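Undergrad: task: produce atomic coordinates for the following.
(one chain, ligands or ions: 1)
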Amino acid sequence: MTSAITPAPTRAAALARLAEFLPAAGRRYAETRNQDDGPHQHGAYGNVSQLSPWLHAGVIGEADVIEAVLGAHGPRAAEKFIAEVFWRIYFKGYLEQRPAIWVDYCKGRDGAFAAVERNAGIRTAYGEATEGRTGIEAFDVWARELVATGYLHNHARMWFASIWIFTLKLDWRLGADFFLRHLMDGDAASNTLSWRWVAGLHTKGKHYMARADNIARYTAGRPDGALAADGLADHAEPLEEAQDCARQRLDLPAPVASADLVQPFALLLHDEAAHHAPLGPLPAAPALVIGAARPAERSSAKVGTLAHGFAQGTVAGGMAEAAAAYHCPAVEWRSGEPLAPLLAAAGVEHIVLPYLPAGWTRDALWPDLAPLTAQGRVVTIRGDLDRATWPHAKAGFFGVAKAIDGILGECGITGAG
Ligand SMILES: Cc1cc2nc3c(=O)[nH]c(=O)nc-3n(C[C@H](O)[C@H](O)[C@H](O)COP(=O)(O)OP(=O)(O)OC[C@H]3O[C@@H](n4cnc5c(N)ncnc54)[C@H](O)[C@@H]3O)c2cc1C
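TA: Numbers count the residues shown, from 1 in each chain. Model prediction:
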């Protein structure tokens with residue numbers, strides 16, 4: 001097993017990785033992105049960017065990444081990479097319009113954990129799967145790689161989820177939880193909806209079946225050679241669920257003007273908006289930076305060291321860099337502490353809140369923010385790219401895919417910047 005070299009949780013490290021990967025983000029990416037070549041030296045895969053932990057944490061923005069790739073390769077050669085980044089924005093927008101999917105997932109996960117406690121057979125199968133002891137070589141390698149490195153290649157995630165659901169016949173919510181607890185990029189939208197996609201719950205009736213020949217072909221470039229996957233289910237019905245989650249209206253905050261900001265205000269950084277730079281220039285400077293990292297809330301079970309440490313590190317680093325940029329103090333809002341006394345101690349009544357997306361971060365922070373919001377003390381900000389994309393994320397990805405050129409134009413992302 002290649003030892004884990006944890007990416008630094010800083011914006012400087014994200015920008016350095018972007019610069020390093022940039023030459024490979026055009027046609028080479030389109031041709032090779034499906035290969036799971038495994039972690040090579042420095043824990044890096046050569047053919048994919050591994051920018052996802054920083055993108056999830058909001059340390060680098062999708063707009064930064066697309067602008068750079070478009071500038072380096074032009075629209076034709078950059079098309080595949082840009083489309084993949086839009087999958088992330090699509091999943092975010094989709095879950096925003098169906099937040100009940102996250103609520104149902106959490107309930108289902110807790111029910112599935114109760115079944116693990118109650119049932120010795122399930123407990124054994126779950127232990128074998130998460131510890132990489134199933135006897136299916138490929139699956140076992142990925143289970144251990146996930147825990148050791150905090151990352152898996154996209155194709156490996158698809159095969160792993162498929163084997164978990166259709167060969168091992170384990171509850172998909174337990175698998176999604178295993179990913180969320182260990183992926184440094186663990187994301188409520190991309191993870192939950194991708195697992196649902198593999199299961200056949202996202203695109204109803206269309207599921208993804210992992211095949212041994214496909215796995216061998218696309219893992220041939222791994223340091224120890226192609227992975228075997230004997231004994232996979234070759235036929236299974238897609239999962240079904242009793243009810244559809246109805247879509248609710250998107251309630252996107254309007255762009256913020258300086259008149260909206262009552263001075264003095266605090267800027268709140270969190271797990272999915274850990275750095276001020278991707279937020280763009282604020283109309284005024286904050287008097288205080290508050291950092292709230294809640295990685296333990298990803299699950300009712302213990303979160304892996306790498307995922308936990310990366311999230312804590314991004315928020316701590318983001319607080320320090322924002323305080324230096326705005327020449328103001330920074331304070332940590334710790335889990336379990338009320339927010340109001342922190343604000344009172346600093347003599348600050350108002351908060352600028354980078355959008356809290358559906359998921360554990362909103363679940364953890366909203367109870368304290370809701371009363372302040374009701375008193376008109378919270379101004380929410382949301383990036384242009386999300387604002388322009390989410391209205392297209394109503395059903396399948398196709399609705400977003402066909403709008404990408406228009407969205408980039410609307411947001412002024414041309415590759416010239
Ligand atoms: C079962 C399953 C679970 C997943 N869970 C997560 C998760 O928790 N968090 C997460 O960020 N992604 C998740 N993904 C999507 C995808 O696997 C990762 O985003 C990607 O592998 C990250 O590696 P990269 O940065 O090298 O991607 P690259 O191929 O370099 O792509 C660039 C960026 O585009 C975005 N992206 C690429 N592919 C996808 C995709 N299929 N869906 C959504 N965004 C994409 C990511 O932000 C990524 O960093 C999951 C996919 C599956 C099949």
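
Undergrad: confirm residue 395 sits in a helix?
TA: No: per DSSP: H, G, I helix; E, B strand; the rest coil, residue 395 lies outside any helix segment and is coil.

Undergrad: so what's the residue count around the closest residue to residue 304 other than its chain neighbours?
TA: Spatially, and ignoring its direct neighbours in sequence, residue 304 is nearest to residue 182 (4.0 Å; Cβ to Cβ, 6 or more residues apart in numbering). (Glycine included, C-beta is placed from N, CA and C.) Applying other Cβ atoms under 10 Å, we find 26 other residues in the vicinity of residue 182.

Undergrad: in contact with residue 182, which residues?
TA: 146, 147, 150, 303, 304, 306, 307 (Cβ atoms under 8 Å, 6 or more residues apart in numbering).

Undergrad: how close does the third one get to residue 6?
TA: Counting by Cβ to Cβ, to the nearest Å, the separation of residue 150 from residue 6 is 7 Å.

Undergrad: more neighbours: these two, which one.
TA: Neighbours per residue, other Cβ under 10 Å: of residue 150 and residue 6, the larger number sits with residue 150, 24 against 16.

Undergrad: and the more buried one, how far from residue 138?
TA: Residue 150 is 19 Å from residue 138, by Cβ to Cβ.

Undergrad: before we move on, what about residue 222?
TA: 10 Å.

Undergrad: between the two, which one's more packed in?
TA: Higher neighbour count among residue 222 and residue 138: residue 138, with 25 against 22, using other Cβ under 10 Å.

Undergrad: where does the more buried one sit: helix, strand or coil?
TA: helix.

Undergrad: phi, psi of the residue lying closest to it once chain neighbours are set aside?
TA: Closest residue in space to residue 138, ignoring its immediate chain neighbours: residue 227 at 3.7 Å, by Cβ to Cβ, 6+ apart. Per-residue torsions, residue 227: phi -90, psi 140 (degrees, to the nearest 10).

Undergrad: look up the pLDDT of the residue of the stretch 201-350 of the chain found nearest the ligand for me, please.
TA: The ligand sits closest to residue 208 of the stretch 201-350 of the chain, with a gap of 8.2 Å, by Cβ to the nearest ligand atom. Here the pLDDT value assigned to residue 208 is 97.

Undergrad: with residue 70 instead?
TA: Value listed for residue 70 in the pLDDT field: 98.

Undergrad: swap in residue 246?
TA: pLDDT, read off for residue 246, is 85.

Undergrad: next one: residue 259
TA: With respect to pLDDT, residue 259 has a value of 83.

Undergrad: that one: neighbour count?
TA: 7.

Undergrad: do the same with the one 10 residues further on
TA: The criterion is other Cβ under 10 Å. On that basis, residue 269 has 30 neighbouring residues.

Undergrad: surely it is within a strand?
TA: Yes: looking at residue 269 with three-state DSSP, it is inside a strand.

Undergrad: next, the contact list for it, please.
TA: Residue 269 touches 275, 276, 289, 290, 291, 292, 315, 318, 319, 322, 354, counting by Cβ under 8 Å, 6+ apart.

Undergrad: just the buried members of those residues?
TA: 275, 276, 289, 290, 291, 292, 315, 318, 319, 322, 354 (16 or more other Cβ atoms under 10 Å).

Undergrad: identify the residues contacting stretch 325-340?
TA: 267-268, 276, 285-292, 294, 296-297, 316, 319-320, 322-323, 342, 346, 364, 368-369, 372.

Undergrad: one step back: the ligand next: which of the buried ones among the contacts of residue 269 are close?
TA: Among the buried ones among the contacts of residue 269, no residue lies close to the ligand (Cβ under 6 Å from any ligand atom).

Undergrad: would you list those in TSV and tack on pLDDT and secondary structure?
TA: As requested, the buried ones among the contacts of residue 269 are arranged in TSV below (pLDDT from 0 to 100; DSSP: H, G, I helix; E, B strand; the rest coil):
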residue	pLDDT	secondary structure
275	98	coil
276	98	coil
289	98	strand
290	98	strand
291	98	strand
292	98	strand
315	98	helix
318	98	helix
319	98	helix
322	98	helix
354	96	strand
